[in-house]
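Asks: give me a 3D structure for the following:
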Amino acid sequence: GFAGAFGLGKAEAAHLNDDPQTILNLAATAEALAVTFYYSAITGAQFAVEVEDVAYLQAALDAEKYHYDFLTSAGGKALTSEFFVPATVLSSADTFIKTGLAAETAFVAAYLAATRVFADAGQGKLAATTAQHAASEAVHLSLIREIGGLLPNDLAVPAAIYYNVSDAVPTLAPFLKGGSGFIGPVKMPTNDQITSAMGGLKVGRPPMYVNLY
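Replies: You can find the predicted model right below:
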């Protein structure tokens, strides 16, 4: 099945708690996808993007790269560095917004699930760290809504749609495997490509909770 194809074992299939390595690997994969998504929009969007919105995208790209670097330094390994994307994601603003909203909703929910798993295991520092990531992804979700002309803060709290991080795999499946309406693969940008796309903008990098206390 799909779970087996991406290294998920019987515990995940039985809806037990994900193990830490599964969480790290899936989170790193999601962050690699996010980096690729934002970089592609900044460098290749064929629809009009306001100057301030470009800055929003650049800040999101920088944040996602920070997340990715932390996760990989902690032992996470992305399942792939090449992704499939909706065919019109760079030519249609509507497709871009809908894709971004779906992805960031999934990212927020996956980090909330990770927070629950680490809390269940008594790993408070790790739980607080994944909560940091969830908060950041929630900001990105609001900014994409703003870019799309939608009310940014439309939810009182983020939607908790996953019990485990691995529950997000079906949502990510088209980006990893392709499918109807998807093209690719698109390779994750290099560090030099990201630096060029940032245009000198950098976001603040507070330490991760697990490294503070």
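Asks: which helices and strands sit right next to the helix or strand hosting Ser196?
Replies: Assessed by DSSP states H and E, Ser196 sits inside helix 191-198. The criterion is 3 or more C-beta pairs under 8 Å, 6 or more residues apart in numbering; DSSP states H and E, and the helices and strands that helix 191-198 contacts are helix 20-44, helix 51-73. (C-beta placed from N, C-alpha, C; glycine too.)
Asks: quick one, that helix and helix 20-44 angle?
Replies: For helix 191-198 and helix 20-44, the angle between their directions (axes from the mean of the first three to the mean of the last three C-alpha atoms, to 10 degrees) works out to 50 degrees.
Asks: identify each buried residue in the host helix or strand of Arg116, please.
Replies: Taking DSSP H and E as the definition, Arg116 sits inside helix 93-120. Buried positions in helix 93-120, judged by neighbour count with 16 or more other C-beta atoms under 10 Å: 93, 95-97, 99-101, 103-118.
Asks: and for stretch 54-68?
Replies: Of all the residues in stretch 54-68, those buried under the rule 16+ other C-beta under 10 Å are 54, 56-68.
Asks: now what about it, what contacts it?
Replies: Stretch 54-68 is touched from outside by 27-28, 31-32, 34-35, 38-39, 41-42, 49, 78, 133, 136, 140, 143, 146-147, 194, 197-199, 201-203, 205, with contacts defined as C-beta atoms under 8 Å, 6 or more residues apart in numbering.
Asks: quick check: mean pLDDT across that stretch?
Replies: Stretch 54-68 carries an average pLDDT of 98.
Asks: show me how far stretch 18-31 is from its chain's centre.
Replies: The chain centroid and the centroid of stretch 18-31 are separated by 11 Å, computed with C-alpha atoms, centre = their mean, to the nearest Å.
Asks: how about stretch 163-179?
Replies: Relative to the chain's own centre, stretch 163-179 is displaced by 12 Å; criterion: C-alpha atoms, centre = their mean.
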